[in-house]
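dropping a prediction and its sequence here:
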Protein chains: 2
Amino acid sequence: MERILLAHGSGGRLSHELIKTLFQKYLGNPYLNQMNDATLLPGKEQLAVTTDSFVVSPLFFRGGNIGKLAVCGTVNDLAVSGAIPKFLTLALILEEGLPMDELGRIIESVAQTAAEAGVAIVCGDTKVVERGSADKIFINTTGIGYITDRLVGPEQIQPGDEILITGTIGDHGIAILSEREGLEFQTPVVSDCAPLNGLIDAFYMPGVKCMRDPTRGGVATTLNELAGQAGVSMLLIEEQIPLSPSVEGACEMLGLEPLYLANEGKALVIVAPEVADEVLLNMRAHPLGRKARRIGHVQEGKSGLVLIETPLGGKRIVGMLEGEHLPRIC
Amino acid sequence: MERILLAHGSGGRLSHELIKTLFQKYLGNPYLNQMNDATLLPGKEQLAVTTDSFVVSPLFFRGGNIGKLAVCGTVNDLAVSGAIPKFLTLALILEEGLPMDELGRIIESVAQTAAEAGVAIVCGDTKVVERGSADKIFINTTGIGYITDRLVGPEQIQPGDEILITGTIGDHGIAILSEREGLEFQTPVVSDCAPLNGLIDAFYMPGVKCMRDPTRGGVATTLNELAGQAGVSMLLIEEQIPLSPSVEGACEMLGLEPLYLANEGKALVIVAPEVADEVLLNMRAHPLGRKARRIGHVQEGKSGLVLIETPLGGKRIVGMLEGEHLPRIC
Ligand SMILES: Nc1ncnc2c1ncn2[C@@H]1O[C@H](COP(=O)(O)OP(=O)(O)OP(=O)(O)O)[C@@H](O)[C@H]1O
Ligand SMILES: Nc1ncnc2c1ncn2[C@@H]1O[C@H](COP(=O)(O)OP(=O)(O)OP(=O)(O)O)[C@@H](O)[C@H]1O
Ligand SMILES: [Mg+2]
Ligand SMILES: [Mg+2]
Ligand SMILES: [Mg+2]
Ligand SMILES: [Mg+2]
Ligand SMILES: [Mg+2]
Ligand SMILES: [Mg+2]
């Protein structure tokens, strides 16, 4: 009998297969089939909608907690879709026995982060299951934003476009992993968890063609998705990819590839070459974009193929995440 | 140390306390503070929004399954708010090891029920947690509907209004309980789980003042909420409350009070006395309203007080649900 595997929730290849063969098959319609970070409801509504559940373990980590994450994740899916995040719903599944003060700290973070991002929690739901039927707390947030005239999406991407990232990669993945496994680094790794709508407002200009937040599956999987949706190939320059020294050290020590690690406060941004410099300058002028970099470009070639050029000049294929090494990262 | 109890998810008194002392306290704003089934976003949006997570156990029961329930519950919160349900999001938390065919049957039900209710699933999310960290599958649906000119809400309720129910009560609660405990009745109890937007469209007319779906906490808790929000008292007539013979039998056998049992396809409807007969006739003409009844009325008196008149003419107070006898009913 076929069963659900952890890898079906990895954000990688098996996640994509499940979405295509089950959810799109039964539920498909022109809205759902957009298959982007948020769904645009144009026409009368002029809204963007997105939903994410958060099951991160542990609940509290350097740089955030499940409450902050639940607001940032949904705000970011709206923001990278070119929408202005406005309203969030908040649904909690609590395990019997959860300490009330932990719940309180999580809700305080939700409130704080929502205020920071300029969104209002408009309704909620609270279910409790018996001890052992859930792991402490799971949170769903669904976000509604206003559609803007920002024309972004994978269908805008063309060969020649530049690939930018708003900062270092892998920080969230390593922060969770080190919390979970009790790893100590000289400089502790802090999750990058942050609402990106302010940063995006600061750098967006016509010529920005597509944005996506490289969460589960990391930069590699996200670029594979985009390259496939756009029908193009992409080339990354390994030396250009920004890594904090502690993440680099942790990855070497643990044999992890940073391109597959989750980020919760970064955006991949594909831009027309003529605006790349200006967009980069604007990113770097914002506190959340100081380490922004050009990391590669879009090219003709096999649809969906992502290559990386190593420091020695060789090239290798960077596929989607296979399997699942770090479950419950968000 | 104070901890979360099952009763915090009952929909009863402790649920209300938690919402007031924690969620409203930290997250409160004019939208959230509406505290109705769905939140109206008037002005530019003209939308209603609602969210619910579903953790029912077992997943499959007579009359439905968690997928059907997840669509009906959210459609109904929009419909009783006077809105036209249009868009649903679908977020799944799956336990590693969930049989793929069970997931498939659940998603088929989601598709079928969404089609029946006339709503589109517009986006989703799929997380997987390790075996033992969740119980098979939890589903969140968030719903968006169009606001209509139906002026309904607890603030419309006045002394003299009539209290109607669209059919028998307690069917969902007993269906889940008997599935869970392996109870057998002569006539098996089937959950009433159904999308109510069609029924509501069929009976709504000006003079209908307030609607609410008596889910967790049942009719008793829901009327307590409404009486409190409206600042009125209510009197129920016990003999008038429609019960199927098997639910009545089950309640006698198990010592359960049907007024506290969950319903997933019923609406409580408060109407001006001059339209009560016509609304009832319209309800009964619809397949989901055949057993509709007038079960009491609104009166002056202590705000939030709900009384019931017994067949012998005595009156007793019907409070909110205390504690939690049937967890994970939805
Ligand atoms: N259960 C589901 N039913 C319908 N659509 C789904 C489901 N799960 C995911 N999707 C759709 O698949 C696409 C990818 O979803 P995914 O959750 O990977 O994106 P994301 O939210 O940007 O990433 P993350 O969840 O890591 O933050 C989205 O367009 C989403 O609407
Ligand atoms: N965690 C939460 N944060 C903010 N608001 C909440 C939260 N939980 C519930 N609420 C609000 O409290 C009110 C009552 O919620 P509740 O879930 O009991 O209503 P319901 O969805 O109609 O019932 P049910 O969940 O049984 O179907 C709603 O207005 C809801 O928005
Ligand atoms: Mg995303
Ligand atoms: Mg997301
Ligand atoms: Mg609810
Ligand atoms: Mg309701
Ligand atoms: Mg509900
Ligand atoms: Mg998602």
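Now that the structure is in, tell me what you want to look at. Ligands and ions are numbered 1, 2, ... in the order given.

secondary structure class for A:Cys210?
Assigned by DSSP: H, G, I helix; E, B strand; the rest coil, the conformation of A:Cys210 is strand.

for it, give me its contacts.
A:Val152, A:Gly153, A:Pro154, A:Gln156, A:Ile157, A:Leu226, A:Ala230, A:Val269, A:Ile270 (Cβ atoms under 8 Å, 6 or more residues apart in numbering or on different chains). Just so you know, the C-beta spots here come from the backbone N, C-alpha and C atoms, and that holds for glycine as well.

quick check, nearest of those residues to ligand 4?
A:Leu226 (14.6 Å; Cβ to the ion).

so the closest one sits in a helix?
Yes. Assessed with three-state DSSP, A:Leu226 lies in a helix.

any quick PyMOL command for the buried ones out of the contacts of A:Cys210?
To isolate the buried members of the contacts of A:Cys210 in PyMOL, using 16 or more other Cβ atoms under 10 Å in any protein chain shown:
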select buried, chain A and resi 152+153+154+157+226+230+269+270
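
got the phi and psi for the residue of chain A at minimum distance from ligand 3?
Nearest residue of chain A to ligand 3: A:Asp37, at 3.7 Å (Cβ to the ion). In terms of degrees, to the nearest 10, the main-chain angles of A:Asp37 are phi -60, psi -40.

cool, and A:Val110?
With angles defined as degrees, to the nearest 10, A:Val110 sits at phi -60, psi -50.

now it, nearest residue through space, not along the chain?
A:Gly67 (4.2 Å; Cβ to Cβ, 6 or more residues apart in numbering or on different chains).

show me where chain A has helices.
A:13-18, A:25-27, A:66-80, A:100-117, A:171-181, A:197-203, A:218-230, A:245-254, A:276-284 (DSSP state H).

out of the ones you listed, which is the most enclosed?
Mean neighbours per residue, mean count of other Cβ atoms under 10 Å in any protein chain shown, is largest over the helices of chain A for helix A:66-80, with a mean of 29.

is that one anywhere near ligand 8?
No. Interface with ligand 8: helix A:66-80 contributes nothing (Cβ under 5 Å from the ion), its closest point being 7.0 Å away.

tell me the contacts of A:Val189?
Neighbours of A:Val189 in contact, by Cβ under 8 Å, 6+ apart: A:Arg62, A:Asp171, A:Ile174, A:Ala175, A:Ser178, A:Ser244, A:Ser246, A:Val247, A:Ala250.

ok, these vs B:Lys25, which is closest?
Nearest to B:Lys25 among the contacts of A:Val189: A:Arg62, at 27.2 Å, using Cβ to Cβ.

what residues does chain A put near ligand 8?
A:Asp52.

so what's the residue nearest to A:Val110 up against?
Contacts of A:Gly67 by Cβ under 8 Å, 6+ apart are A:Arg105, A:Ile106, A:Ile107, A:Glu108, A:Ser109, A:Val110, A:Thr113, A:Ile139.

so what's the residue nearest in space to the middle of chain A closest to, chain neighbours aside?
Nearest to the mean C-alpha position of chain A, counting by Cα atoms, centre = their mean, stands A:Thr215 at 2.9 Å. Leaving aside its sequence neighbours, A:Thr215 sits nearest to A:Ala262 (Cβ to Cβ, 6+ apart; 5.4 Å).

the one you found contacts A:Ala220, doesn't it?
No. Counting by Cβ atoms under 8 Å, A:Ala262 sits too far from A:Ala220 to count as a contact (11.3 Å).

now do the contacts for the closest residue to A:Asn197 other than its chain neighbours.
In space, A:Asn197 comes closest to A:Ala79 once its chain neighbours are excluded; the distance is 4.0 Å by Cβ to Cβ, 6+ apart. Residues in contact with A:Ala79 (Cβ under 8 Å, 6+ apart) are A:Pro85, A:Gly145, A:Pro195, A:Leu196, A:Asn197, A:Ile200, A:Met211, A:Ala267.

so what's the residue count around the last one?
Each residue near A:Ala267 was counted by other Cβ atoms under 10 Å in any protein chain shown, and the total is 26.

the second one too?
The criterion is other Cβ under 10 Å. On that basis, A:Gly145 has 27 neighbouring residues.

that one reaches A:Leu47, doesn't it?
Yes. Under the criterion of Cβ under 8 Å, A:Gly145 makes contact with A:Leu47 at 6.8 Å.

about what we covered before: OK, contacts around the residue nearest to A:Thr215?
Contacts of A:Ala262 (Cβ under 8 Å, 6+ apart): A:11, A:170, A:172-173, A:176, A:214-218, A:326, A:329-330.

who does the residue of the stretch 101-250 of chain A found nearest ligand 5 bridge with?
Of all residues in the stretch 101-250 of chain A, A:Asp125 sits closest to ligand 5, at 3.6 Å by Cβ to the ion. When assigned by DSSP bridges, A:Asp125 has beta-bridge partners A:Ala91.

what's the domain layout of chain A?
A:36-147, A:154-317 (automatic domain parsing).

could I get those domains as TSV with distance to ligand 1 and mean pLDDT?
Shown next, in TSV, are the domains of chain A (distance: least, Cβ to the nearest ligand atom, whole Å; pLDDT from 0 to 100):
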stretch	distance to ligand 1	mean pLDDT
domain A:36-147	4	98
domain A:154-317	3	97
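
so for B:Ala292, which of those domains sits nearest?
Of all the domains of chain A, domain A:36-147 sits nearest to B:Ala292, with 27.6 Å by Cβ to Cβ.

is ligand 2 contacted by the closest one?
Yes. Using Cβ under 6 Å from any ligand atom, we find that domain A:36-147 touches ligand 2 at A:Leu90, A:Leu92, A:Cys123, A:Gly124, A:Asp125, A:Thr126.
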